[in-house]
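S.K.: Okay, predicted coordinates and the sequence, questions at the end:
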Amino acid sequence: MDEGYIKFNCQWIKAEPLPAVMLEGLNAWREKLFALGLVGMYDDGIGFGNLSIRHPHKGFIITGSATGGLQQLDELHFTLVNEYNLEHNSLICKGPIIASSESLSHAVIYEASPSTGAVIHVHQTEMWKRLINKLPTTRPEVSYGTPAMAREILRLFRESELEKEKILVMGGHPEGIITFGQNLEEAADILQRHLQNSK
């Protein structure tokens, strides 16, 4: 399993934390998802799951790498992604921690869907098995956290009902589900609705 490893060239500009007030909603929803086991850590110590919100000026704020297993986060565990380049497999982030390994996937969702203000990536086995190939699903040979995955998500925006459904299944990333919406409430509501239907 290569879960949790950063596969893009990340230029990390170490900087002071973002204002705590900007992170309150993000952190509150992250704690709820952690309590549900949708964000967390495997027995081998590898964390999973991440959340982000669009920054009001440029880029997006995302949970940092290797934070999945922490029950509570603070301002030291979030970073700002300023820009990215799929062609060069590169990303620039600024903050006290390096960006999540899934940052490229978040980035292309914000690019493809200007109305999107929040993205949630979780792991849930039963929901993944039930929804794969029934909702927009990335090809099974495409690995997470890569430019190929980012391009695959862009393909789903073009060729499927992804913009309408606001949820995708990561075919080559067992358990991986992404939802998005105008805000965290909408993204979480979509996730919760499908989660309930999986029980």
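M.R.: Yes, it's here. The structure presented is a predicted model; accordingly, all values stated were derived computationally and were not measured.
S.K.: only C-alpha atoms for contact and neighbour calcs from this point on.
M.R.: Will do.
S.K.: how near is the residue lying closest to Gln124 once chain neighbours are set aside to Gly59?
M.R.: Excluding its sequence neighbours, the residue lying closest to Gln124 (Cα to Cα, 6 or more residues apart in numbering) is Glu175, at 4.9 Å. Distance of Glu175 to Gly59, given as Cα to Cα, to the nearest Å: 27 Å.
S.K.: Likewise for Glu152?
M.R.: 21 Å.
S.K.: same deal with Trp128?
M.R.: 29 Å.
S.K.: Specify the next element, helix or strand, located C-terminal of the lowest-mean-pLDDT helix or strand in the chain.
M.R.: None of the helices or strands of the chain scores lower by mean pLDDT, DSSP states H and E than strand 47-48, at a mean of 88. Sequence-wise, the next helix or strand downstream of strand 47-48 (DSSP states H and E) is strand 50-54.
S.K.: Direction included, what does the least confident helix or strand of the chain pair against?
M.R.: strand 40-41 (antiparallel) (DSSP bridges).
S.K.: Distance from the partner strand to the middle of the chain?
M.R.: The chain centroid and the centroid of strand 40-41 are separated by 14 Å under Cα atoms, centre = their mean, to the nearest Å.
S.K.: contact partners of that strand?
M.R.: Outside strand 40-41, the residues that touch it by Cα atoms under 8 Å, 6 or more residues apart in numbering are Phe34, Gly47, Phe48, Gly49, Gly68, Gly69, Leu70, Gln71.
S.K.: Where does the last one sit, in terms of helix or strand?
M.R.: With elements delineated by DSSP H and E, Gln71 resides in a region that no helix or strand encompasses.
S.K.: now swap in the one 10 residues further on and tell me
M.R.: Val81 is part of strand 78-85 when elements are defined by DSSP H and E.
S.K.: Many thanks, have a good one.
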